[in-house]
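Undergrad: Sharing a model that was predicted from the sequence below.
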Amino acid sequence: MSNYKTVFFTLGVLLIVLGIAMLVPVGVQFFYNELNSTFIISSIITITFGVLFYLSNIDHNRSISTQQAFLLTALSWMGVAIFGSIPFFFSELNLSITDSIFESMSGITTTGATIIENLSATPKGILSWRAMLQWLGGIGIIVMAITLMPIMNIGGMQLLKISSGDAAEKILPKSKQISLRLTLIYLTLTLICAFFYKICGMNIFDSLTHSMTTIATGGFSNYNQSIGYFNNAKIEYVSIIFIILGSLPFIAYIKFLSSDKKLIFKDAQIKLFFKLIFFSVLVLFIYLSISNKNIFEVQLRSIIFNVISILTGTGYVTKEFDQWGNFPLIFFLLLMFIGGCAGSTTCGIKVFRVHMLFYFFRNQLLKIIYPRAVLNLKYNDEVVQEKLIASIISFIFLYIILFFLISALLTLTGLNFITAISGAASSISNVGPGLGSEIGPNSNYANLPASSKWILSAAMILGRLEIFAILVIFLPSFWRN
């Protein structure tokens, strides 16, 4: 176990930070005259466990191997989800352990699925904690995607590696520098988003909580109607802009601020991301124009908002898009799988993998036509190795297999076909709202069986951690020296 001292030391630090973060909602409770012991007790429990992990592993060797990086990734996210559920369990909402962990897992993985039926009547402290969980999950996945996942060679994430000479032992020193920059950029975007929400009509509390869940592309709202509650075009436009900003690779912001001002316009996945948005909006606009739907009833603003929200996995809604017809449902299901850019707060398969898969298939067809041709697959003007392509293909294959497996398991718990299929897609892609009457855009997950919620919670963390980071620790060979 001494080989894992660094892992448990880091886990202890994370729990201490989480425990301190639990004191922020105490201030919210005090301001809104809702003060009780919920968050104080939760903070004491979390910090106590954090200190125990910290002190018992303080003599760690300050280095981390690839194997330990996998374990740290899995344990830190599961640990934060479990301890993050304590305030929900102790709250006045009388939530069960299952519901508390589901809500916490949905928060930290930025999924946005909720079991709280009446958000308007929910205490402000709990609403602020939900938003904070998503905000912390958003910055957590950015840091992990840029510092840990490229080194762990997960599903082609090597393409994000900052320096090809980085070794696993160099992760921690380099990650401290990068994490600080990323956090500052992330915090700045959050505050700017809150400012614009405020001047567009939100009150201070709503503007702060919604800005946290917007930049995190998480989608938790303080109202059952989500962003549609405000019925404000300006608020929706602000939301669209900052969801997109949260969906771009954050390493691009660092490089933009450092030297390369044109990177955002040259990056292959960023360009494809905007093309996907444009063509998705165009397809739905044409469909709704020629279908029985009145295009003036379904506004272009609503189409743009919901396309961006679903594609990025944010999960905010303004209209019940499940009333637009059958084609939009299938189309949105496809968008759930694609997701946003790698190295951002978004989820799903990721745009760069879809991009690479397309070029791989194109090259295979060209090799059939020109068998003697030497065709190199390039990404951002760099030649991509075959083993990286194999990693991407295996990831996408496993992603689809898990989607069908989760769907099948959900049907075994008693869910109908539409609910099971959309729930599986929404959870593994960390989107939030599903389809149908049970978990549709303006519904919630409260009435699902407990077994369904545990399956969905497992799917959320699998999808958030790019599948392999969780599955690899269950292999016997992982634990062999």
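TA: Perfect, thanks for sending it.
Undergrad: Would you map the strands across the chain?
TA: For the chain, the strands defined by DSSP state E cover 378-379, 382-383.
Undergrad: what's the last one in contact with?
TA: Just to be clear, that refers to strand 382-383. 376-377 (CB atoms under 8 Å, 6 or more residues apart in numbering). Just so you know, the C-beta spots here come from the backbone N, C-alpha and C atoms, and that holds for glycine as well.
Undergrad: if you set the cut-off to 6 Å instead, what comes out?
TA: residue 376 (CB atoms under 6 Å, 6 or more residues apart in numbering).
Undergrad: Would you list the strands that that strand pairs with, along with their directions?
TA: Strand 382-383 has these partner strands in its sheet, going by DSSP bridges: strand 378-379 (antiparallel).
Undergrad: can you tell me the average pLDDT over the partner strand?
TA: Per-region confidence: strand 378-379 scores 76 on mean pLDDT.
Undergrad: Over to stretch 465-481?
TA: Mean pLDDT, stretch 465-481: 82.
Undergrad: again with stretch 70-78
TA: The pLDDT scores in stretch 70-78 average 89.
Undergrad: just stretch 416-436 next, same as before
TA: 89.
Undergrad: Restrict it to CA atoms and write it as CSV.
TA: Below are the C-alpha coordinates for stretch 416-436, written out as CSV (Å, rounded to 0.1, in the frame of the first residue of the first chain):
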residue,chain,number,x,y,z
ASN,A,416,-39.9,1.6,-20.9
PHE,A,417,-37.8,1.6,-24.1
ILE,A,418,-37.7,5.4,-24.7
THR,A,419,-36.8,6.1,-21.0
ALA,A,420,-34.1,3.4,-20.9
ILE,A,421,-32.5,4.4,-24.2
SER,A,422,-32.5,8.1,-23.6
GLY,A,423,-31.5,7.7,-19.9
ALA,A,424,-28.5,5.6,-20.9
ALA,A,425,-27.5,8.1,-23.6
SER,A,426,-28.0,11.0,-21.3
SER,A,427,-26.1,9.5,-18.4
ILE,A,428,-23.1,8.2,-20.2
SER,A,429,-22.9,11.4,-22.2
ASN,A,430,-23.5,13.5,-19.1
VAL,A,431,-26.3,15.5,-20.7
GLY,A,432,-29.1,15.5,-18.0
PRO,A,433,-32.6,15.6,-19.6
GLY,A,434,-33.8,12.5,-21.4
LEU,A,435,-36.8,11.8,-23.6
GLY,A,436,-40.3,10.8,-22.9
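Undergrad: Report the buried residues of it.
TA: Buried positions in stretch 416-436, judged by neighbour count with 16 or more other CB atoms under 10 Å: 418-436.
Undergrad: Select the longest helix from the chain.
TA: helix 171-199 (DSSP state H).
Undergrad: counting contacts, what elements does it pack onto?
TA: With contacts defined as 3 or more CB pairs under 6 Å, 6 or more residues apart in numbering; DSSP states H and E, the packing partners of helix 171-199 are helix 124-143, helix 204-215, helix 233-247, helix 250-258.
Undergrad: picking up where we left off before, make JSON lines out of the strands of the chain and add mean neighbour count and distance to residue 84.
TA: Below are the strands of the chain laid out as JSON lines (neighbours: other CB atoms under 10 Å; distance: least, CB to CB, whole Å):
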{"stretch": "strand 378-379", "mean neighbour count": "14", "distance to residue 84": "36"}
{"stretch": "strand 382-383", "mean neighbour count": "10", "distance to residue 84": "39"}
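Undergrad: Need those strands in JSON lines (columns: distance to residue 404).
TA: Below are these laid out as JSON lines (distance: least, CB to CB, whole Å):
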{"stretch": "strand 378-379", "distance to residue 404": "29"}
{"stretch": "strand 382-383", "distance to residue 404": "34"}
